[in-house]
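Chemist: Got a sequence here, can you model it:
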Amino acid sequence: MKILVIASAKNGQINANLANVLTAASKIHAKCDVLVIGSADLTALSNLSCVGKILHLNAIVDEQNLASSVAKLVANIAKNYTHVLTAADSYGKDLLPRVAGILDLSQISEVVAVISPNIFKKPMYAGNVLAEVESFEDTKLLTVRATSFTPYTALAEEAAVEVLPNSAEINPNISHLGETVIHSETIDLSHAQIIVTGGHSLGSKENFVELIHGLAVKLDGAVGASRAAVEAGYASNDCQVGQTGKVVAPKLYLAIGISGAVQHIAGMKDSQQVIAINIDPNAQIFEYADYGLVGDLFEIVPELINQL
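Modeler: Model (predicted):
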């Protein structure tokens, strides 16, 4: 078996999810190659024991490493491997389906467990069902839910690095218009160990900032939001937790004013510990909570902030 793990790099940093994907890859085979797309320091990666060789695509024809530009190049590399894995993040979800289309292969998405080299576990129906899917493809394409795997940390001697020639093709029909960098006082949601999430019942953006952001800062945590809160303008899209937002698995998840819709539960049910605050004693979120507090969030949360 030959395993390839794909990782993107931006601003000199490799995607933090790579270590989690390497753990998934190590459950298929002890060694894997890693394809890094973009400029980055490879020292830490090269010292991991599961890494056999690093393929570095450093010089990209477009500065944004658009999936449309590198898909053919990645496909030419991927066809030489039995398994190709990447994180089920925005970049992986953009790149791997393009590779699958080029190679005429099926893809297995959101893998949460490796049963065998051919059988993988993935969620279906908003996370209500975990299905074991068997692949008979010569090259198995997998996006991995990073939160389902611990980061790989075992060290060994430095792996070899092969710098690949740049043969990526720019799609003339696609232009990068720009990007908006959001600066926040809190930690990035995807990698946070503590997440404070607020729902629509906060009532306004001002209340959301004062209570949810305020508590998150006190706990050194990240800010999350339900879809309803995002659509109401209380929080930005990158804060959304759920089936159509981000899937998280922190050590502590505080659900404040969250009813517990199945779409939201799908994004946070792997949290190690859940604390729910809701005025409705019959709110569905309490079925998933380790600790529940029935009461008015406008009284409880300010008191929590004052006590911290």
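Chemist: Could you list the paired strands of the least confident helix or strand in the chain by mean pLDDT along with their orientation?
Modeler: For the chain, using mean pLDDT, DSSP states H and E, the weakest element among its helices and strands is strand 160-163, scoring a mean of 80. Applying DSSP bridges, strand 160-163 is found paired with strand 51-57 (parallel).
Chemist: and the strand it pairs with, how far from the chain's centre?
Modeler: Between the centre of strand 51-57 and the centre of its host chain there is 22 Å, according to CA atoms, centre = their mean, to the nearest Å.
Chemist: just stretch 52-60 next, same as before
Modeler: Average the C-alpha atoms of stretch 52-60, do the same for its chain, and the two points are 22 Å apart (CA atoms, centre = their mean).
Chemist: I'd like the mean pLDDT over that stretch, please.
Modeler: Per-residue pLDDT values over stretch 52-60 give a mean of 82.
Chemist: Now that stretch: buried residues?
Modeler: Judged by neighbour count (16 or more other CB atoms under 10 Å), stretch 52-60 contains these buried residues: 54-57, 60. Bear in mind the C-beta positions are built from the backbone N, C-alpha and C, glycine included.
Chemist: Mind listing what's buried along the least confident helix or strand of the chain?
Modeler: For strand 160-163, burial by neighbour count (16+ other CB under 10 Å) applies to V161.
Chemist: Going by residue numbers, what spans are helices in the stretch 1-150 of the chain?
Modeler: With DSSP state H, counting those that start in this stretch, the ranges of helices along the stretch 1-150 of the chain come out as 18-26, 43-46, 67-78, 90-103.
Chemist: Residues in contact with stretch 235-243: which ones?
Modeler: Stretch 235-243 is contacted by residues 126-127, 182, 189, 195, 197-198, 205, 208, 212, 223-227, 229-230, 245-248, 261-268 when judged by CB atoms under 8 Å, 6 or more residues apart in numbering.
Chemist: Just the ones of those residues in helices?
Modeler: Where the contacts of stretch 235-243 overlap with helices, as defined by DSSP state H, the overlap consists of 205, 227, 229-230, 262-268.
Chemist: Could you say which of these is surrounded by the most neighbours?
Modeler: Of all the ones in helices among the contacts of stretch 235-243, H264 has the most neighbours under the rule other CB atoms under 10 Å, reaching 29 neighbours.
Chemist: For it, which non-adjacent residue is spatially closest?
Modeler: What sits nearest to H264 in space, not counting adjacent residues and going by CB to CB, 6 or more residues apart in numbering, is G242, at 4.4 Å.
Chemist: From N207, how far out is the one you found?
Modeler: Separation of G242 from N207 (CB to CB, to the nearest Å): 21 Å.
Chemist: Please identify which of those two sits among more neighbours.
Modeler: With neighbours defined as other CB under 10 Å, G242 and N207 compare such that G242 has more, 26 against 17.
Chemist: tell me the SS of S271?
Modeler: When states are read from DSSP: H, G, I helix; E, B strand; the rest coil, the local structure at S271 comes out as coil.
Chemist: closest to T150 among the buried residues of stretch 52-60?
Modeler: Among the buried residues of stretch 52-60, I54 lies closest to T150 (CB to CB), at 21.5 Å.
Chemist: so the closest one bridges to which residues?
Modeler: Per DSSP bridges, the residues bridged to I54 are V34, V161.
Chemist: Spit out the contact partners of it.
Modeler: So, once contact is read as CB under 8 Å, 6+ apart, I54 ends up touching 33-34, 36, 42, 45-46, 159-162.
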